[in-house]
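> Okay, predicted coordinates and the sequence, questions at the end:
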Amino acid sequence: DAMVIQNPRYQVTQFGKPVTLSCSQTLNHNVMYWYQQKSSQAPKLLFHYYDKDFNNEADTPDNFQSRRPNTSFCFLDIRSPGLGDAAMYLCATSREGEDTQYFGPGTRLTVL
Amino acid sequence: QKEVEQNSGPLSVPEGAIASLNCTYSDRGSQSFFWYRQYSGKSPELIMFIYSNGDKEDGRFTAQLNKASQYVSLLIRDSQPSDSATYLCAGRKRTFRGSQGNLIFGKGTKLSVKP
C-alpha cells in the first residue's frame, strides 16, 4: 500500500545532542511537509518542499534544518535539541494542486 | 488573533447522539477547510474537506461552511465510542505558488462519546 513512513517512531535524545528524523513516501507526491505538534496543541508547520524547493516558515528556529535528497525521502535535523523541542514530529505529503495532505504516523521525540 | 479557533472541549455526548464541532477562522483568503481526527498519540487522519458554502455529507459526517460568517462545522451523526478523539479543523492558506497552500490548524476539540 502506498503510504508515508516515519522512522523512528520514538526517539530519545540528550539535551544538545543532534538528532535526525526521517520520512519516506511511496505516493510519489512532490510536496512534503514537517510539522511539530506539542501536547494539546495544533500541528505547527516548520517547513515544506515543493519538489526540491525549500520553504521555511518565518518562525521556525534555526536549530531545525531539513534535507530532501530525492522525491521519496525527507529528513528533519535538530542540531541542538532543547527540552522545549520535545514533541511529536509529523511528516505529510501532498500532490501539488490537490487538497489532501497525507500524514505519516509521527515520531515522538523525548529530550532528556 | 489566532487564525483558526476551536473550542478545546472536552465535548461529551452519549452514544447515538449528534456531535457538533465548530471552528472559526480569521483569514478571509482561506479557500478550503479540512477536518482531521486524531486519536491520542497518533497522527491526524483526514475525515473530509469542504470548499463551497453549504453542506457536504459523507456517511455519518457532515461538514458545513459559511464563508460570510467565517465558520466551519462538523456534525457526526449516530456517534460511537470509537469516534472519541480530538478533531482538528484546518484552513488552507494561499501561498505564492499557484493555489496550493499550507494548512493552518486549530488546536482541536476533544470529543468523548459515552456508551
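Okay, I see it.
> Quick check: longest strand in chain B by residues?
When chain B is parsed with DSSP state E, its longest strand is strand B:85-93.
> okay, the residue most central in space within chain A: pLDDT?
Centroid-nearest residue in chain A: A:Trp34, 3.1 Å away (criterion: C-alpha atoms, centre = their mean). As predicted, A:Trp34 sits at a pLDDT of 96.
> got the contact list for the longest strand of chain B?
With C-beta atoms under 8 Å, 6 or more residues apart in numbering or on different chains as the test, strand B:85-93 has contacts from A:42-43, A:99, B:3-4, B:6, B:21, B:23, B:25, B:27, B:29-40, B:44, B:47, B:72, B:74, B:101-111. Glycine gets a C-beta too; all of them are placed from N, C-alpha and C.
> Among those, name the buried ones.
A:42-43, A:99, B:3-4, B:6, B:21, B:23, B:25, B:30, B:32-38, B:44, B:47, B:72, B:74, B:101-111 (16 or more other C-beta atoms under 10 Å in any protein chain shown).
> ok so, going back, can you give the distance from the longest strand of chain B to the centre of its chain?
Between the centre of strand B:85-93 and the centre of its chain there are 5 Å (C-alpha atoms, centre = their mean, to the nearest Å).
> now stretch A:40-48
In terms of C-alpha atoms, centre = their mean, the centre of stretch A:40-48 is set 9 Å apart from its chain centre.
> now do stretch B:42-57
7 Å.
> same thing with stretch B:32-39?
Counting by C-alpha atoms, centre = their mean, stretch B:32-39 comes out at 5 Å from the chain centroid.
> what's the spacing between stretch A:34-54 and its chain's center?
On C-alpha atoms, centre = their mean, the centre of stretch A:34-54 falls 6 Å from that of its chain.
> what does stretch B:80-89 give?
Distance, stretch centre to chain centre, for stretch B:80-89: 10 Å (C-alpha atoms, centre = their mean).
> And the lowest-mean-pLDDT helix or strand in chain B, what does it pack against?
None of the helices or strands of chain B scores lower by mean pLDDT, DSSP states H and E than strand B:102-105, at a mean of 85. Under the contact definition 3 or more C-beta pairs under 8 Å, 6 or more residues apart in numbering or on different chains; DSSP states H and E, strand B:102-105 sits against strand A:44-50, strand B:85-93.
> Burial-wise, tell me which of the ones you listed comes out on top.
Compared across the helices and strands packed on strand B:102-105, strand B:85-93 shows the largest average neighbour count, a mean of 24 (mean count of other C-beta atoms under 10 Å in any protein chain shown).
> so what strands line up beside it?
Strand B:85-93 sits in its sheet next to strand B:32-38 (antiparallel), strand B:102-105 (antiparallel), strand B:109-114 (antiparallel), going by DSSP bridges.
> Restricting to C-alpha, output the second one in PDB.
Listed next in PDB are the C-alpha coordinates belonging to strand B:102-105 (Å, rounded to 0.1, in the frame of the first residue of the first chain):
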ATOM      1  CA  ASN B 102      -0.300  25.300   3.700                       C
ATOM      2  CA  LEU B 103      -2.700  24.100   6.300                       C
ATOM      3  CA  ILE B 104      -3.300  26.200   9.400                       C
ATOM      4  CA  PHE B 105      -4.600  24.000  12.200                       C
END
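> For B:Tyr51, give me its contacts.
A:99, B:31-33, B:65.
> hang on, isn't the residue nearest to the centre of chain A packed against A:Tyr89?
Yes. Counting by C-beta atoms under 8 Å, A:Trp34 touches A:Tyr89, with 6.6 Å between them.
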